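Trainee: Turn this into a structure:
(2 chains)
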Number of protein chains: 2
Amino acid sequence: MDEIISTTRGTSTQDGRVMSVVEAALTLFSEYGFRGTTMEELASAVGIKAPSLYNYIESKYKLLFNIIKGTADRALLELATARDSSSDVVDQLRQITMTHIRYHVRHRREAFIGNRELASLTGEDRAIITCLRDQYEGIIRAVIKSGLDQGRFNVASPQLASYAILEMGVGVATWFRSDGPVSEAEVSKQYGEFALRIVQAK
Amino acid sequence: MDEIISTTRGTSTQDGRVMSVVEAALTLFSEYGFRGTTMEELASAVGIKAPSLYNYIESKYKLLFNIIKGTADRALLELATARDSSSDVVDQLRQITMTHIRYHVRHRREAFIGNRELASLTGEDRAIITCLRDQYEGIIRAVIKSGLDQGRFNVASPQLASYAILEMGVGVATWFRSDGPVSEAEVSKQYGEFALRIVQAK
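Mentor: Modelled structure (predicted):
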């Protein structure tokens, strides 16, 4: 969000309006898709006329890119922080999985948009996001490899194990409801346990 | 696909054209989204004019629904068949997971569209698809519950374990490449193993 705001010359009223535009975009993009959302619909959702949108954003495309990049940056930072919270590899894998799950529970629309609109980005922008995602996956894979080196984990392919753990979390964003029967704490705890089981941690 | 074709009065040439329209829709809907794809683009992709599309499909919406329903029907049938291929619960979980993975490897666009366009369906149609998906997830969960009853599995929540297994497979559709370094056989075998580990099968 900071990233997005910094691209405008902000007074606090303007910052508030930018936040509203981002909020509306998260809802509309996740519901109708980037290409399926018009500037008119975006403007209407924040109660302004379409041309006024350009006071707050550079373009619909740039708004999409900033949402995806901001989301990827933050997720990567949180994952690295979780990894650094422990020097024990079993604990690290549990912590990064729980952080991954929590992130997807708390940022469901962002996760959904990031996953489905990668193809809407231009080559260069897509390369930036792909690089951030590779770093994110790389953290999980490196922890699994450390565990294998230390004889604490047993898994044939650290890559497939890392993908499986990533995907479990991405999927949570599609079904989790904050008013549902399973709490954020419970789902992150259980999935943390699943990750350890996948690599047969000991 | 049979489902989609049966809605037209088909000569074999017409059937072929319907197949082309479905094929183009799979590519365009998965790339640009349902709402982001126009009838003109769909017609252009098969080399006809937009009004002629109505000789082959009832509407863009009906095409989307038939694609999603056809995909869900087939996936459900394959999963039930895999479950019925064995009476041993460990083997059943391995087989249904491998089938789930293979389905997502072989029908990547269909899986992508089915997952992201559920919100594009009307209430009644969405209820039909949700019901099919619940049955699909129910097969996995029932096998896990059987394993628990028989003392062969050990997992706190059959629901979360079933979701985790489902999601691992859905994710495969996003990264798998038939010309990539990991084969369909290898990924389905490894993920089958992950499923058994998640429930601590013995």
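Trainee: what's A:Ser120 sitting at in phi/psi?
Mentor: phi -80, psi -10 (degrees, to the nearest 10).
Trainee: what sits against A:Gln92?
Mentor: A:Ala82, A:Arg83, A:Ser85, A:Ser86, A:Val143, A:Ser146 (CB atoms under 8 Å, 6 or more residues apart in numbering or on different chains). (Glycine included, C-beta is placed from N, CA and C.)
Trainee: out of these, who's nearest B:Gly151?
Mentor: A:Val143 (32.5 Å; CB to CB).
Trainee: tell me the contacts of that closest one?
Mentor: By CB under 8 Å, 6+ apart, the neighbours of A:Val143 are A:Arg83, A:Val89, A:Gln92, A:Leu93, A:Ile96.
Trainee: Let's test this: mean pLDDT of stretch A:87-103, rounded?
Mentor: Averaging pLDDT along stretch A:87-103 gives 97.
Trainee: For that stretch, buried residues please.
Mentor: Neighbour-count burial for stretch A:87-103, counted by 16 or more other CB atoms under 10 Å in any protein chain shown, picks out A:89-103.
Trainee: quick one: the lengthiest helix in chain A to chain centroid distance?
Mentor: Among the elements of type helix in chain A, defined by DSSP state H, the one spanning the most residues is helix A:123-149. Centre-to-centre, helix A:123-149 and its host chain are 13 Å apart (CA atoms, centre = their mean, to the nearest Å).
Trainee: on that earlier part again, of the buried residues of stretch A:87-103, which belong to strands?
Mentor: In strands, judged by DSSP state E, none of the buried residues of stretch A:87-103 are found.
Trainee: With chain B in mind, check whether stretch A:94-108 reaches it.
Mentor: No - applying CB under 8 Å from any CB of the partner chain, one finds stretch A:94-108 separated from chain B by no less than 10.3 Å.
Trainee: Any chance you could list what contacts that stretch?
Mentor: A:30, A:71, A:75, A:78-79, A:81-83, A:85-86, A:111, A:139-140, A:143, A:165-166, A:168-170, A:172-174, A:176, A:178, A:184, A:187-189, A:191-196.
Trainee: cool, and stretch A:74-87?
Mentor: Against stretch A:74-87 from outside (CB under 8 Å, 6+ apart): A:92, A:95-96, A:98-100, A:103, A:107, A:132, A:135-136, A:139-140, A:143.
Trainee: now the residues you listed in TSV, with distance to B:Ala45?
Mentor: As requested, these are exported to TSV (distance: CB to CB, whole Å):
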residue	distance to B:Ala45
A:Gln92	48
A:Gln95	47
A:Ile96	42
A:Met98	44
A:Thr99	42
A:His100	38
A:Tyr103	37
A:His107	34
A:Leu132	32
A:Gln135	36
A:Tyr136	34
A:Ile139	40
A:Ile140	38
A:Val143	44
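Trainee: Out of those residues, the closest to A:Leu160 would be?
Mentor: For the contacts of stretch A:74-87, the nearest to A:Leu160 is A:Ile140 (11.5 Å; CB to CB).
Trainee: State the distance from A:Gly138 to chain B.
Mentor: 14 Å (CB to the nearest CB, to the nearest Å).
Trainee: again with A:Ala43
Mentor: For A:Ala43, the distance to chain B equals 18 Å [CB to the nearest CB].
Trainee: Skipping adjacent residues, who's closest to that residue in space?
Mentor: A:Ala50 (4.3 Å; CB to CB, 6 or more residues apart in numbering or on different chains).
Trainee: wait, the one you found sits on A:Met39?
Mentor: Yes - between A:Ala50 and A:Met39 there is a contact at 4.6 Å, judged by CB atoms under 8 Å.
Trainee: Comparing those two, which shows the higher neighbour count?
Mentor: Just comparing A:Ala50 and A:Met39: by other CB atoms under 10 Å in any protein chain shown the higher neighbour count belongs to A:Met39, 16 against 13.
Trainee: residues touching that one, list them.
Mentor: By CB under 8 Å, 6+ apart, the residues touching A:Met39 are A:Ala50, A:Leu53, A:Lys60.
Trainee: swap in A:Thr71?
Mentor: Contacts of A:Thr71 by CB under 8 Å, 6+ apart are A:His107, A:Glu110, A:Ala111, A:Ile113, A:Gly114.
Trainee: switch the cut-off to 10 Å
Mentor: Applying CB atoms under 10 Å, 6 or more residues apart in numbering or on different chains to A:Thr71 gives the contacts A:Met1, A:Glu3, A:Leu26, A:Tyr103, A:His107, A:Arg109, A:Glu110, A:Ala111, A:Ile113, A:Gly114, A:Ile129, A:Leu132.
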